[in-house]
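A.B. asks: sequence plus the predicted model coming up.
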Amino acid sequence: MAFNRMESATYLASLLAKSFSRALQERGQKLGFAPGQFPVLLELWAEEGLTQKQLLDKLDIEQATMANTLARMERDGLIVRRKHPQDKRSQQIFLTERAREIEAAAKEAALAADQSLLSGLRQFERELMLEYMRMALAHAARDANTA
């Protein structure tokens, strides 16, 4: 059987992720954040004072990627790091006032990127697509835990 990339969920998911990232980059750049920073911002908007390890666990990304992302966010004035009061080996990560100020606009930008890319779908098709994506992610997580 020949491989048809347009019939491959893996290939299509990769293309879709790139499209979403580009759409968010265009919108986020105006606000001062990059697409890779958005998941970190979402976690910190929900709960400040997390450590890098806690962010790694929540976002399931590589340590080096997280370190680079946090360094860029610090450079860009989105976060500050403070020594953890109980664990001198780790630092807590807090949002700057600038990052707090862009929360609503950043979330709107992400919604606009979603709407732009899914504009050709009817509401029930969007809901099905999201449900299928959540199911696939849940299966992938289950498979990773049993491997």
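C.D. replies: That came through fine.

A.B. asks: any idea how far the residue nearest the centre of the chain is from Met66?
C.D. replies: Most central in the chain under CA atoms, centre = their mean is Pro39, positioned 2.9 Å from the mean C-alpha point. Pro39 sits 10 Å away from Met66 when distances are taken as CB to CB, to the nearest Å. C-beta coordinates here come from the backbone N, C-alpha and C atoms, glycine included.

A.B. asks: for Ile61, helix, strand, or coil?
C.D. replies: Ile61 falls in the coil class when you classify it by DSSP: H, G, I helix; E, B strand; the rest coil.

A.B. asks: next one: it from Asp76, what distance?
C.D. replies: 18 Å.

A.B. asks: tell me which stretches of the protein form strands.
C.D. replies: Taking DSSP state E as the criterion, the chain contains strands spanning 50-51, 79-83, 91-95.

A.B. asks: to Glu103, which of these lies closest?
C.D. replies: Closest approach to Glu103 among the strands of the chain is made by strand 91-95 (8.5 Å; CB to CB).

A.B. asks: and the closest one, average pLDDT?
C.D. replies: Summarised as a single mean, pLDDT over strand 91-95 is 97.

A.B. asks: buried ones in that strand?
C.D. replies: For strand 91-95, burial by neighbour count (16 or more other CB atoms under 10 Å) applies to Gln92, Ile93, Leu95.

A.B. asks: returning to what we had before: which one is the residue nearest to the centre of the chain nearest to, not counting chain neighbours?
C.D. replies: Leu59 (5.3 Å; CB to CB, 6 or more residues apart in numbering).

A.B. asks: test my guess that that neighbour contacts Met66.
C.D. replies: Yes - the criterion here is CB atoms under 8 Å, and Leu59 meets it with Met66 at 7.3 Å.

A.B. asks: would you map the helices across the chain?
C.D. replies: With DSSP state H, the ranges of helices along the chain come out as 9-31, 38-46, 52-59, 63-75, 97-101, 103-117, 123-146.

A.B. asks: which of those helices sits most buried?
C.D. replies: Compared across the helices of the chain, helix 38-46 shows the largest average neighbour count, a mean of 18 (mean count of other CB atoms under 10 Å).
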